[in-house]
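Asks: Generate a structure from the sequence data that follows.
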Amino acid sequence: MNFYYRKIKTLGTIALLLTQLTVVAQRDVNTKAYLKEEKVLEIPLDPKVKKGVLPNGFEYYILRNVEPKDRMVMYLANKVGAILETDKQQGLAHFLEHMNFNGTTHFPKNELVDYLQRSGIRFGADLNAYTGFDETVYQLPLPSNDPELLKQGLVIMRDWAHGALLEEDEIDQERGVILEEKRQRGGLSSRLQEKTFPMLTNRSRYANRLPIGTEEVLKNFKYSEIREFYEDWYRPDLQALIIVGDIDAEAIEKEVIRLFGDLKNPAQAPQRKYYAIKLTGKNQFLTFTDEEITSTSLQISYKVPAFRVIKSTDYKTALERGLFTQLLNARLGELTRKAGTPFLSAGFGSSELLGGLETNSISITPKPGKLKESIFAVYEAFEQVRQYGFTDNELQRAKTNYRTSLERSKAEESKKRSQSYMEEILAFYLKGQPAPGFDYIFPILLKNIEAVSLQDIQKHASMYADAKNRDMVLLAPKNKANELPGEKQLLTWIDAASKVQPGAYQEEASADNLVVDLPVPASIVERKLDDGIGSRTILLSNGVKVIMKPTDFMNDEIQITSFSPGGYSLYDLEDFQSAVNATSIVGSSGLGPFNALQLSRYLSGKSVSVSPYINEIGEGIKASTVQKDLKTTFELIHAFFYQTRLDRELIEANLEKSKIGLENRLNNAGTFFSDSIARVLYNNDPRKTGPTEDKIDQINLDRALEIFKDRFADASDFTFVIVGNFNPDEMEQYAAQYLGTLPNMGRKEQFVDNASYPPAKGFDLDIKKGKEEKATVAMAYLGDFEYSDRNSMLMEALSSCVNIKLLQRLREKESGVYSISVSPSVSRIPRERFGLNISFTTDPQLVHKLTEAAVEEIEKIRKEGPEQADIDKFIAEKLLANQQALLQNGFWLSYLLSTEIDQKDPLRVFSADERLKSVTKEELQQLAAQYLSAERLFKFVLYPEAP
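Replies: Next up, the predicted model:
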């Protein structure tokens with residue numbers, strides 16, 4: 001249950017923040033108000049979608065889709081949001097969304113959430129809703145093979161449409177929850193939003209209708225206000241039900257007509273107005289400094305009427321715009337690879353805003369003291385493109401990548417998940433965006449990518465240059481406030497930079513192939529079939545073991561992972577920073593004859609991702625690909641063992657950026673909090689604490705390369721797992737050629753336990769940082785653990801029961817929190833350990849009361865065990881999750897690898913449901929009594945600093 005600005009996080013640059021603002025906002029635009037009559041969408045709706053309009057104006061969209069099997073998702077979309085509120089109702093659209101979970105006609109009080117949890121539906125993760133400026137959407141995914149649950153799901157949707165009870169005691173109880181939601185979202189992003197959003201929206205109605213509302217209204221609104229809003233706006237002519245999944249569409253349609261046909265519109269329904277943001281022609285400038293901002297950044301945004309795809313020919317224009325921005329950003333990306341480049345990052349981008357507008361923005365994050373130089377460098381790159389255009393090589397690579405993406409989408413069209421269809425239909429209903437289906441759009445896009453020329457792309461350079469409707473926002477740390485230029489100075493620099501005469505772009509030449517000569521393929525010394533699990537295991541002559549499981553979960557997806565014991569645990573503190581950063585250093589340097597940029601170009605048009613890793617206990621390579629690119633994938637894997645390199649200039653530039661990024665890092669209250677916890681929990685062990693400049697200085701590039709080569713010098717103890725749609729006989733040939741010829745030193749390595757753990761006895765620690773009037777609580781039960789599959793499952797069940805109880809107590813009863821996180825962690829290696837982590841944000845005055853309440857609820861579970869109803873909810877949720885996991889390549893990839901590492905029976909997965917159903921209250925009570933004792937509790941609280 002949420003509102004749009006839930007997506008905004010604390011960010012160091014205005015570029016990222018405003019991107020968040022505009023991306024969030026683009027789902028809010030209802031275009032009917034902003035278009036002339038002739039600009040009605042001309043592109044047809046996907047004919048597979050069954051659309052209907054009832055006499056009362058209620059719309060429905062129904063689509064049968066069998067991916068995933070036996071699952072469906074239902075959305076109730078309301079063209080109702082915060083923009084419709086009066087001054088006395090600010091925040092009530094979002095408040096009303098909450099109230100639809102707190103008592104409806106068929107589910108009074110909290111029975112709706114309780115009923116769905118008993119059916120395996122997770123509150124928040126599955127069952128959810130959101131409120132924006134122009135819409136409120138309720139989301140309910142369900143198993144479609146349970147007729148009773150399906151029936152009740154439709155009843156829930158009917159209640160959400162117009163069945164909220166809005167009882168006074170429930171309204172008053174929810175005030176505190178929403179005020180805590182508002183508090184939780186406070187911080188840098190909130191302060192920046194408050195300052196910039198009015199300017200961004202030209203001080204329109206949107207500026208005063210943030211969905212969360214005002215504290216004054218939330219605390220004091222009369223019951224009649226929310227009821228009036230409900231009766232005015234929750235009505236069938238502003239609503240649509242969208243249902244997608246493995247369903248009987250005709251039977252569902254009959255039920256929808258029966259249930260929703262009797263909804264009534266108010267006799268004197270107010271007109272649903274749509275509010276535009278007017279372009280003023282003015283240019284605006286704002287400087288914002290804050291103690292928690294970590295680096296200076298500049299964003300220049302040009303507001304223009306939003307571009308929309310109305311007819312099929314508009315797809316080509318959209319493609320041209322996208323390619324222009326993509327290629328321009330690629331040029332900037334090349335500059336960031338050079339040590340002498342004055343900016344840390346820079347980018348161009350276009351995003352839909354609100355009220356019929358979009359923004360075309362230039363974002364620059366300079367190195368300290370290099371704002372002027374950064375502006376000149378960015379505008380020189382822009383002028384280079386504006387004057388000379390892009391090269392044919394650049395365009396052809398972009399086209400190749402685009403075709404590959406289209407072909408991949410076509411190959412997986414029959415596996416497209418219901419959620420993807422849902423989002424397309426939702427955008428069609430709320431925003432008038434086209435949703436014609438892939439059969440309609442594929443030939444159009446394929447034709448467009450062939451037709452696009454350099455001249456077509458070049459004409460869009462005007463997106464990022466205009467003399468009016470420009471917003472400039474300059475962000476900086478507070479201690480840099482006196483060093484910042486004003487608007488006049490910035491414009492002088494931009495004007496001068498725009499007159500620079502750059503040279504034409506030159507692309508460096510590169511090699512043609514990655515792997516030139518290969519040794520003779522290895523022999524397969526052992527082959528084993530496991531019919532029960534559907535896998536084949538081979539042992540190659542160099543010791544490499546390969547486990548293969550062919551699947552048809554996707555039409556053309558192959559995933560690969562691997563593991564070898566050792567990791568960076570084998571290196572002492574002197575080498576630790578070099579070891580822990582080795583994969584990022586080598587991975588950024590390219591392979592064989594290619595630097596990273598050249599390698600990227602070499603891989604144009606290929607669906608390949610290959611990434612080495614070194615963690616604490618081991619190393620390996622992960623990859624994903626498709627059938628046609630298997631050879632390239634194995635070439636890359638092979639090259640990481642034999643053809644690594646060091647791009648010293650690039651890595652040194654990256655390390656410099658990292659140092660700069662750390663300068664004001666601890667000004668952020670959340671970062672300071674987490675760093676402080678790590679320091680005291682692990683006694684300042686540098687292996688566990690946060691990054692520092694000193695740690696970066698300890699990185700030796702040559703030693704990092706040596707360590708990487710050492711970790712991948714011997715493949716004889718590597719296990720590879722390959723899962724996906726492939727021919728196992730063909731895969732054996734690739735394995736023999738590329739994996740079987742990897743180096744074999746016969747080493748027998750194991751990880752080292754460096755014995756860095758929290759103390760045995762818990763303690764409390766209060767930490768003060770930041771100015772926001774909120775407290776963050778982090779509680780954790782930590783200690784040694786008797787590891788087993790059974791205990792691991794029981795700890796997960798116990799965590800679920802604790803989460804349910806704490807949510808009921810701290811949110812529903814005490815109204816003291818908006819959300820709470822309870823997460824378990826158990827490990828077998830390097831040592832058997834457990835953790836039960838609890839965190840929430842609240843009023844500093846409520847910390848003692850709520851932490852005591854949390855401990856009280858946990859003590860009840862220790863003494864009496866959890867309630868059987870809560871255990872049943874956990875079991876129901878896991879049973880549903882298990883069904884879906886068995887149909888996913890990613891699950892089998894990790895499962896088969898861990899099974900091999902731990903030497904367990906792979907067939908145990910098929911008895912997981914029975915083990916789940918055998919969980920008892922007595923077992924959980926014993927586990928809680930053993931591990932959730934007061935002696936194991938660590939409690940950390942972040943309070944604001946004194947004013």
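Asks: Give the other helices and strands that the helix or strand where Phe874 lies contacts.
Replies: According to DSSP states H and E, Phe874 maps onto helix 868-885. On a contact count with 3 or more CB pairs under 8 Å, 6 or more residues apart in numbering; DSSP states H and E, helix 868-885 meets helix 111-118, helix 789-806, helix 912-917, helix 921-931. Yep, even glycine has a C-beta here, placed from its N, CA and C like the rest.
Asks: and the helix or strand containing Lys659, how far from the chain's centre?
Replies: Using DSSP H and E, Lys659 maps to helix 648-662. Centroid separation for helix 648-662 versus its chain: 26 Å, with CA atoms, centre = their mean, to the nearest Å.
Asks: Next: stretch 455-474.
Replies: Between the centre of stretch 455-474 and the centre of its chain there are 29 Å (CA atoms, centre = their mean).
Asks: Likewise for stretch 536-556?
Replies: Centroid separation between stretch 536-556 and its chain, computed with CA atoms, centre = their mean, is 30 Å.
Asks: Flag every buried residue along that stretch.
Replies: 536-540, 542-551, 553-556 (16 or more other CB atoms under 10 Å).
Asks: Please identify the buried residues of whatever helix or strand Gln173 lives in?
Replies: Assigned by DSSP H and E, Gln173 belongs to helix 168-184. For helix 168-184, the buried set under the neighbour-count rule, 16+ other CB under 10 Å, comprises 170-171, 173-184.
Asks: in terms of contact, does Gln139 touch Val73 like I think?
Replies: Yes - contact criterion CB atoms under 8 Å: Gln139 and Val73 qualify, at 7.2 Å.
Asks: neighbour-wise, which of these two wins?
Replies: Using other CB atoms under 10 Å as the criterion, Gln139 and Val73 rank with Val73 on top: 23 against 18.
Asks: And for the lengthiest helix in the chain, what's in contact with it?
Replies: Secondary structure of the chain per DSSP state H: the longest helix is helix 314-336. Contact with helix 314-336 is made by 307-309, 341, 343-350, 377-378, 381-382, 384-385, 390, 394-395, 398, 402, 441, 444-445, 448-449, 451-452, 456-461, 463, 505, 597, 653, as judged by CB atoms under 8 Å, 6 or more residues apart in numbering.
Asks: show me where the stretch 551-700 of the chain has strands.
Replies: 558-565, 609-614, 618-625 (DSSP state E, counting those that start in this stretch).
Asks: The last one versus strand 609-614: what angle between them?
Replies: On the basis of axes from the mean of the first three to the mean of the last three CA atoms, to 10 degrees, strand 618-625 is oriented at 170 degrees to strand 609-614.
Asks: can you check the first one too?
Replies: Angle of strand 558-565 versus strand 609-614, following the same axes, to 10 degrees, is 10 degrees.
Asks: residues contacting the closest residue to Arg648 other than its chain neighbours?
Replies: Leaving aside its sequence neighbours, Arg648 sits nearest to Leu701 (CB to CB, 6 or more residues apart in numbering; 6.2 Å). If you count contacts by CB under 8 Å, 6+ apart, Leu701 has them with Ser578, Ile585, Leu646, Arg648, Ile651, Glu652.
Asks: Quick one: residues contacting the second one.
Replies: What it means is Ile585. Leu646, Ile651, Ile699, Leu701, Ala704, Leu705, Phe708.
Asks: pLDDT at it, what is it?
Replies: The per-residue pLDDT reported for Ile585 equals 97.
Asks: same check, this time on the third one
Replies: According to the model's per-residue confidence, Leu646 sits at a pLDDT of 97.
Asks: From Ala82, how far off is it?
Replies: Distance of Leu646 to Ala82, given as CB to CB, to the nearest Å: 53 Å.
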